[in-house]
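Student: Coordinates only, no sequence provided:
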């Protein structure tokens, strides 16, 4: 008999029929002998409807009051799901974030959880009830209603799982797990049975948007095993946990990619201390986020080329800023390209295996794909290539590293 | 500088535009130097929408969860009104029933207020804020969300006014006050400047549905002056308070009537102890509410006629029950009429003036209206007449007692 925290997102509770289906699923787990705590989001579309209503009055709405209105979305869902459970003879109780003391800071619309008092939940579980908790919301120390920002229901579920020392936190979504890469690009993409927190962080931040990054960080920090699985299909999904003995010994877990990149280069900058900070400071000052950064020194050591990538939407603005900075720095010119993409190999196996990078570059070369930028970290290698090579490159790498095949357990 | 509690109902906050108008009105009172606490209902239609959603899952819905979902209606309105106030530079804070500790019993969907902690409200008022409170809802001692039943926002407003020792509780509705009778029946009907709690109770329970009865009782109990006024038109409305010296010395304040009555008579019941309780017991056992009751003893004292009125919807059922009971009691027959109405004169002046009843009967006789039943209390005289005489009778009484004219102050 284990304690399981389940989270169902907006699409999974998007209609009365779907809420009934969630009730069936919850009861199914309960019948297998588990204690279940369920975290739900607002019905899909509801949060946007409420924000729209608020904006008709005040735009932007005052954050404290926006939280008051937005938090009603999840409050409706918890009541409906509890009714659906009770109707089926399964004792249930709904709780708002405030009622189970999900204590947050006071940063309205983007609050962070500080503490959860699990006593009330444990009391209900001990009495044989399913506990249904509103995701996305909490309460600050003054009793004000707060929300955690979009996707915050994942964080609520993980935080509850940590506070209640749950065996597992299950995130139900509209996909049935984490894949080696996007199946729309590579039909042979394979669902991973397990992946580590670190790999998941690299995968999600690089574009495989299955889970909210903050919730993965949180789960990693408190060592809460996290499982991604489908609300609509049967299956075990993907378990995200720390590396364990006997785990799949894959070199590479997956291939992430990001289409929305643009590349900028300041060419021929006189190489002196402070160049990087001057260039990036100007860009950061305009609230533009920088992703990859690469700097090459010219052979004679007198000048340097400074290259970085930004979100494609920020390309024009960044180019304009750089032209000003380039003048001040005495750089030769500023060039850029907004038709590029980033492709990344991710895998904890890289740590203990050499030669991954050269295999990657060779696979791309075989297809005639030119690499424009390279950046590496402990568990990932990212390259920037022309946009037109995205699908070809991802497929070539997926095949080269045999990601369509189950890895062998040592 | 007085403290005023204002309540705006569902129609008054039925759209974004109307919420903006309420904000203007609140600021108007504030600019006149008052501290203002505002109680709001859910936007019109919203509570029904939420109940409909709940019923799609479970019918009837489990009361605890129905309260969780219904209470979101007012929560949306408090946030929107606070935004509309802040937008106009008026500091405001919204609070749910739970946040201002409107403590109730645990009778979900029809809870009663036990206590209110005004400290938080006073703190905000001291800081120059308008405080916006969700009507209709509270919290029980275990932290469960409760609701007060339909119309409960009036009660919230009165209870807050009592707890905060407000100067006045203003109930904004879609009528501009309490009238001597229904203006649709008597075009000369006059808005009353003042009326007593007792008169208001008789008026509202008899069909002039302006205020929720419970809130009038509550206001009377805690001596909170209650003012009914229009959300949409200027004017001072009607003040409901205790009788005071220098108050209008009206004999009669108004004429109430009720169209939905039906009359039933058990004729020729052998007159013996326990007859009334047997007849009414059978009717009450079928959950039928009885209104007026009259019993006449026959001249020879051997049998009695027992007459009472019920809601017209219950007529057929009551008739059937009575036929059974009449057989057991050895009564001669059961007769009934579902085309009757009740007309009542209401006024605290009756207490100290005799002859009101005979003036009333004379006025009706002049129009040839036959009186079928009479019932009197300290401040009211009710008669039952044929339905077709309703308008004629009410107009005759309105004229006879000169209700279209302002009363003279002694």
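Tutor: Everything's here; your move. From a predicted model like this one, the values you see are computed outputs, not experimental measurements. Numbering: from 1, shown residues only, chains lettered A, B, ... in the order given.
Student: any idea how far residue A:131 is from residue A:28?
Tutor: 17 Å (CB to CB, to the nearest Å). All C-beta atoms are positioned from the backbone trio N, CA, C, and that covers glycine.
Student: Could you check which of these two has the larger neighbour count?
Tutor: More crowded of residue A:28 and residue A:131, by other CB atoms under 10 Å in any protein chain shown: residue A:131, with 26 against 11.
Student: what about that one, which helix or strand?
Tutor: Assigned by DSSP states H and E, residue A:131 falls within strand A:130-134.
Student: For that strand, which strands pair with it and how are they oriented?
Tutor: Each strand paired with strand A:130-134, and its direction, by DSSP bridges: strand A:35-40 (parallel), strand A:92-95 (parallel).
Student: residues making contact with the shortest one?
Tutor: Yep, that's strand A:92-95 we're talking about. A:78-79, A:81-82, A:85-86, A:120-121, A:124, A:129-134, B:64-65, B:68 (CB atoms under 8 Å, 6 or more residues apart in numbering or on different chains).
Student: ranges for the helices of chain A?
Tutor: For chain A, helices defined by DSSP state H occupy the ranges A:16-31, A:46-57, A:63-70, A:72-87, A:119-126, A:152-163, A:197-205, A:213-221, A:275-285, A:315-329, A:356-366, A:390-400.
Student: Chain B contacts on chain A?
Tutor: A:16, A:19-20, A:50, A:53-54, A:56-58, A:61-62, A:64-66, A:68-69, A:71-72, A:75-76, A:78-80, A:82-84, A:86-87, A:93-94, A:96, A:98-99, A:120, A:143, A:145 (CB under 8 Å from any CB of the partner chain).
Student: let's see it at 7 Å
Tutor: Taking CB under 7 Å from any CB of the partner chain, the part of chain A that reaches chain B is made up of A:16, A:19, A:53-54, A:56-58, A:61-62, A:65, A:68-69, A:72, A:75-76, A:78-80, A:82-84, A:86-87, A:94, A:99, A:143.
Student: circling back: need the helices of chain A in CSV (columns: mean pLDDT).
Tutor: Below are the helices of chain A laid out as CSV (pLDDT from 0 to 100):
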stretch, mean pLDDT
helix A:16-31, 96
helix A:46-57, 96
helix A:63-70, 97
helix A:72-87, 98
helix A:119-126, 94
helix A:152-163, 94
helix A:197-205, 84
helix A:213-221, 88
helix A:275-285, 87
helix A:315-329, 93
helix A:356-366, 91
helix A:390-400, 95
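Student: before we move on, the earlier item: what does the strand holding residue A:131 rub up against?
Tutor: Residues from elsewhere that reach strand A:130-134 (CB atoms under 7 Å, 6 or more residues apart in numbering or on different chains): A:26, A:30, A:36-40, A:74-75, A:78, A:81-82, A:85, A:90, A:92-97, A:100, A:121, A:124-125, A:156, A:160.
Student: I'd like to know which of the residues of chain A next to chain B are buried.
Tutor: A:16, A:19, A:53-54, A:56-58, A:61-62, A:65, A:68-69, A:72, A:75-76, A:78-80, A:82-84, A:86-87, A:94, A:99 (16 or more other CB atoms under 10 Å in any protein chain shown).
Student: From the opening residue of stretch A:104-117 to its closing one, how far?
Tutor: Taking CA to CA, to the nearest Å as the measure, stretch A:104-117 stretches 12 Å from start to finish.
Student: actually stretch A:133-150, not the one I typed
Tutor: 17 Å.
Student: Flag every buried residue along it.
Tutor: For stretch A:133-150, by 16+ other CB under 10 Å, it's A:133-140, A:144-148.
Student: So in chain A, which strand runs the longest?
Tutor: Using DSSP state E, we find that the single longest strand of chain A is strand A:254-270.
Student: and that strand, which strands flank it?
Tutor: Strand A:254-270 has these partner strands in its sheet, going by DSSP bridges: strand A:303-311 (antiparallel), strand A:333-346 (antiparallel).
Student: Of those, which is nearest residue B:400?
Tutor: The closest of the strands paired with strand A:254-270 to residue B:400 is strand A:303-311. By CB to CB, the value is 81.9 Å.
Student: I figured residue A:160 was touching residue A:116, is that so?
Tutor: Yes: with contact defined as CB atoms under 7 Å, residue A:160 reaches residue A:116; the gap is 6.2 Å.
Student: Those two: which is more packed in?
Tutor: With neighbours defined as other CB under 10 Å, residue A:160 and residue A:116 compare such that residue A:160 has more, 26 against 22.
Student: and the residue lying closest to that one once chain neighbours are set aside, what does it touch?
Tutor: Using CB to CB, 6 or more residues apart in numbering or on different chains and skipping residues adjacent in sequence, the residue nearest residue A:160 is residue A:5, 5.3 Å away. By CB under 7 Å, 6+ apart, the contact set of residue A:5 is A:37, A:39, A:157, A:160, A:161, A:164, A:166, A:169.
Student: Can you tell me how far residue A:5 is from residue A:137?
Tutor: In terms of CB to CB, residue A:5 sits 16 Å off from residue A:137.
Student: how long is stretch A:262-282 end to end?
Tutor: Span of stretch A:262-282 from end to end, CA to CA: 17 Å.
Student: list the buried ones in that stretch?
Tutor: So stretch A:262-282, judged by 16+ other CB under 10 Å, has buried residues A:262-269, A:271, A:275, A:279-280, A:282.
Student: Pick out whichever of the residues you listed sits closest to residue B:109.
Tutor: Scanning the buried residues of stretch A:262-282 for proximity to residue B:109, where the rule is CB to CB, the winner is residue A:262, at 57.2 Å.
Student: isn't that closest one right up against residue A:338?
Tutor: Yes: counting by CB under 7 Å, residue A:338 is a contact partner of residue A:262 at 3.8 Å.
Student: Need the residues touching each of the two.
Tutor: Any residue near both residue A:262 and residue A:338 by CB under 7 Å, 6+ apart counts here, and that gives A:312, A:315.
Student: Skipping adjacent residues, who's closest to the residue in the stretch 301-410 of chain A positioned nearest to chain B in space?
Tutor: Proximity of the stretch 301-410 of chain A to chain B (CB to the nearest CB) peaks at residue A:313, 29.2 Å away. The shortest distance from residue A:313 to any non-neighbouring residue, by CB to CB, 6+ apart, is to residue A:260 (7.4 Å).
Student: And that neighbour, how close does it get to residue A:397?
Tutor: Computed as CB to CB, the residue A:260 to residue A:397 distance reads 20 Å.
Student: Could you check which of these two is surrounded by more residues?
Tutor: Remark: of residue A:260 and residue A:397, residue A:397 carries more neighbours, 27 against 16, as counted by other CB under 10 Å.
Student: Run through the residues that contact that one.
Tutor: Residue A:397 makes contact with A:255, A:345, A:360, A:363, according to CB under 7 Å, 6+ apart.
Student: which residues touch the last one?
Tutor: Contacts for residue A:363 were tallied using CB under 7 Å, 6+ apart; they are A:396, A:397, A:400.
Student: same thing but 8 Å
Tutor: Contact analysis of residue A:363 by CB under 8 Å, 6+ apart lists A:396, A:397, A:399, A:400.
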